[in-house]
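**Q** 3D, please:
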Amino acid sequence: MTDHEAMVRYDQLTTRVYEERRITPVSPIPLTLPAGSLCALIGAPGSGKSTFAAHYPDTWRVCLDTYRGLTTDSDADQSATPVAAEIQTLILDARLSRGLNVLVDSTNVFPHVRAGLLARARYWQRPTAAILFDVPLDTTLAQNQARPRVVPTHVVRELYHHLPSVQQLKTEGFGVVCRISNLALPTQG
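**A** Alright, predicted model coming up:
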């Protein structure tokens, strides 16, 4: 360990603190991806995508909600989705062109949305992965109700019913496909 690096325990996550107190989380969830991967998080609102993404560096995360909020002061304003998608594409291209990892933290439940992500990765010749948040609907609904911004229940149900299968994701062209239920989560304590 150098003078500028120290190991710290923070809320059961191991983090490294580098120069000027910059913190990079090290995920407790075992996920191995090739460098420069585009990884699509796929699931209904409340399924745990953003919680999962929070275990990785903030710079990896692209999220339509964030860009909606930046353009309208409301991350729920669906009228801003076209502009938010353009911002997301710019950031995807900037990161993928440099061989940097990207976590796409949006529902990504519709095939045309995933096709667009796969096209960006193909253009930049980057590997792809999909993590399917196959959380039971009751759990998803309960987690949604506990969020600061609650998505209407009928919308969560509709998006949940659009979840693809692992086979569908493989057929679409994702190089690595994981179900969140199959990733071993650490025990607390």
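**Q** What about Thr89, how many residues nearby?
**A** For Thr89, the number of neighbouring residues by other C-beta atoms under 10 Å comes to 14. In this view, the C-beta of every residue, glycine as well, is placed from N, C-alpha and C.
**Q** same check, this time on Ser165
**A** 12.
**Q** give me phi/psi at it?
**A** Ser165 has phi and psi values of phi -90, psi 170 when expressed as degrees, to the nearest 10.
**Q** From Leu103, how far out is it?
**A** According to C-beta to C-beta, to the nearest Å, Ser165 and Leu103 sit 21 Å apart.
**Q** Kindly report the same for Leu41.
**A** 6 Å.
**Q** Touching, Tyr160 and Thr107? I think so.
**A** No - with contact defined as C-beta atoms under 8 Å, Tyr160 does not reach Thr107; the gap is 9.6 Å.
**Q** the more surrounded of those two?
**A** Thr107 (24 against 21).
**Q** That one against Ser50, yeah?
**A** No - judged on C-beta under 8 Å, Thr107 makes no contact with Ser50 at a distance of 11.0 Å.
**Q** who's in contact with the longest helix along the chain?
**A** Across the chain, the longest stretch assigned as helix under DSSP state H is helix 81-97. With contacts defined as C-beta atoms under 8 Å, 6 or more residues apart in numbering, helix 81-97 is touched by 36, 38, 60, 62-68, 70-71, 101-102, 104, 106, 116-117, 120-121, 123-124, 126.
**Q** Give me the next element, helix or strand, following that helix.
**A** strand 102-105 (DSSP states H and E).
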